[in-house]
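# Kindly return the folded structure for what I paste below:
(chains A and B)
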2 protein chains.
Amino acid sequence: MVITVFKNSLERKDNNNNQFIYKNRGMDLEELLNSSNDYYLDIDKAVIYKKPTPIGVVKVSYQGNHKIINKGYFKEQSTLDYNGLYKGKYIDFEAKVTHNKTSFPLNNIHPHQIAHMKKVIKHGGICFLVIMMNEIVYLLPGVNFVQYVETTTRKSIPYEFIKNNAYEIKYGINPVLDYLSVVEKIYFRGEF
Amino acid sequence: MVITVFKNSLERKDNNNNQFIYKNRGMDLEELLNSSNDYYLDIDKAVIYKKPTPIGVVKVSYQGNHKIINKGYFKEQSTLDYNGLYKGKYIDFEAKVTHNKTSFPLNNIHPHQIAHMKKVIKHGGICFLVIMMNEIVYLLPGVNFVQYVETTTRKSIPYEFIKNNAYEIKYGINPVLDYLSVVEKIYFRGEF
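Just a heads-up that it's a prediction; the model follows:
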């Protein structure tokens, strides 16, 4: 599988003979995207970050000047996870993995996230989903996604719809997922 | 002071006679901006959010299906706090309050944040600081800020510089801080 090409996925580990074992720990979709965003930032191609997960802080204490969280919980993001700037345009997207081979369950995307996507599209931003399914990474434009969910009573998107409406993001070395080349083709050159 | 006009700043509190005392707890700059962003979102004028504070999670436990954070700490944001979309343009800014009356201490903005601002400007985004100082809220364009820090050896920005290069954001009711009207004038109409 393609995972073996990722430089950062090699993990060095001492064994008893003081030799090193390089272990491929793999990368999940979030890591692939973060690594790609780091690369885009390094080569000055785009400024795109994953938003931190919102935390509800319940209890804190202090260790000297440091504030420590002693109780907290994870909250739901009201927007999508990633946003930023590419060639003067606002970019906003969410990444999801499904192990379902035949359809993408719609409960992966919350209603307030769909509302957010509609707003972004309306205000002239570029909005999409990155979906990993059947070992392929797809970019599904927000417009197609919103149109689908607004006209269906189904609780999932058939794989066939994704294959027909989304664009494959190929694996590479730098960046590991060059999704901006797909963004470029769809939103800047209108090639698809 | 202007704070008295804010509807949300009224806090109801029972006293011993079962009467209510309305206490004006005031709003800090972050609350004023969040409230303004909520308003912009409601009237469908812009899609701008404060990013969650990044948390380093050290220890978690589970209560049924719920993941609880038992130890965590606050991390520094590598970007600015607020970003989003207005009229097709990418908006990115940071809000800072100083109680210093004569100068704005530069250690308020970290070097990686300055690097981020330069990137945003270079890639065609709108980037600025919102500074509350001497009870006035200013919008200081990123370009002016970056130019200042790159040509100075000082550790702060004199108030005089802010008065000459920043634009006042007036208090109002809806929104409480209409910073987009200032953005509109600077970046869309070139009025200043």
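
# Tell me the strands beside the helix or strand encompassing A:Asn70, with direction?
In this assignment (DSSP states H and E), A:Asn70 forms part of strand A:66-74. Partner strands and pairing direction for strand A:66-74 (DSSP bridges) are strand A:55-63 (antiparallel), strand B:66-74 (antiparallel).

# so which of these is the most packed in?
Of the strands paired with strand A:66-74, the one with the most neighbours on average (mean count of other C-beta atoms under 10 Å in any protein chain shown) is strand B:66-74, at a mean of 15. For the C-beta atoms, the positions are set from N, CA and C on the backbone; glycine is no exception.

# which is the next helix or strand following it?
Counting by DSSP H and E, the next helix or strand C-terminal to strand B:66-74 is strand B:82-86.

# how much does that next one deviate in direction from strand A:82-86?
Calculated by axes from the mean of the first three to the mean of the last three C-alpha atoms, to 10 degrees, strand B:82-86 forms an angle of 60 degrees with strand A:82-86.

# Which elements pack onto the longest helix anywhere in chain A?
Ordering each helix of chain A by length in residues (DSSP state H) puts helix A:29-42 first. Here helix A:29-42 touches strand A:47-50, strand A:82-86, strand A:89-97, strand A:126-133, helix A:179-183, going by 3 or more C-beta pairs under 8 Å, 6 or more residues apart in numbering or on different chains; DSSP states H and E.

# For the second one, give me every contacting residue.
By C-beta atoms under 8 Å, 6 or more residues apart in numbering or on different chains, the residues outside strand A:82-86 that reach it are A:33, A:37, A:40, A:45-51, A:90-95, A:126, A:180, A:183, B:83-84, B:90, B:92, B:120, B:123-125.

# change it to 7 Å
The contact list for strand A:82-86, computed with C-beta atoms under 7 Å, 6 or more residues apart in numbering or on different chains, reads A:33, A:46-51, A:91-93, A:95, A:180, A:183, B:83, B:90, B:120, B:123, B:125.

# Please apply the same query to the shortest one.
In this structure, residues lying in contact with strand A:47-50 by C-beta under 7 Å, 6+ apart are A:34, A:37, A:40-41, A:81-86, A:91, B:79, B:119-120, B:123.

# before we move on, back to that, quick one, the longest helix of chain A and strand A:126-133 angle?
Using the same axes, to 10 degrees: helix A:29-42 against strand A:126-133 is 140 degrees.

# Run a quick neighbour tally on the nearest residue to A:Pro158 once chain neighbours are set aside.
Excluding its sequence neighbours, the residue lying closest to A:Pro158 (C-beta to C-beta, 6 or more residues apart in numbering or on different chains) is A:Ser103, at 5.1 Å. By other C-beta atoms under 10 Å in any protein chain shown, 17 other residues sit near A:Ser103.

# How about the residues of chain A by chain B?
Proximity of chain A to chain B (C-beta under 7 Å from any C-beta of the partner chain) is limited to residues A:46-47, A:49, A:51-55, A:66-74, A:79, A:83, A:85, A:87-88, A:90, A:119-120, A:123-125.

# quick revisit: the residue nearest to A:Pro158 contacts A:Ser156, doesn't it?
Yes. If you go by C-beta atoms under 7 Å, A:Ser103 and A:Ser156 touch, sitting 3.9 Å apart.
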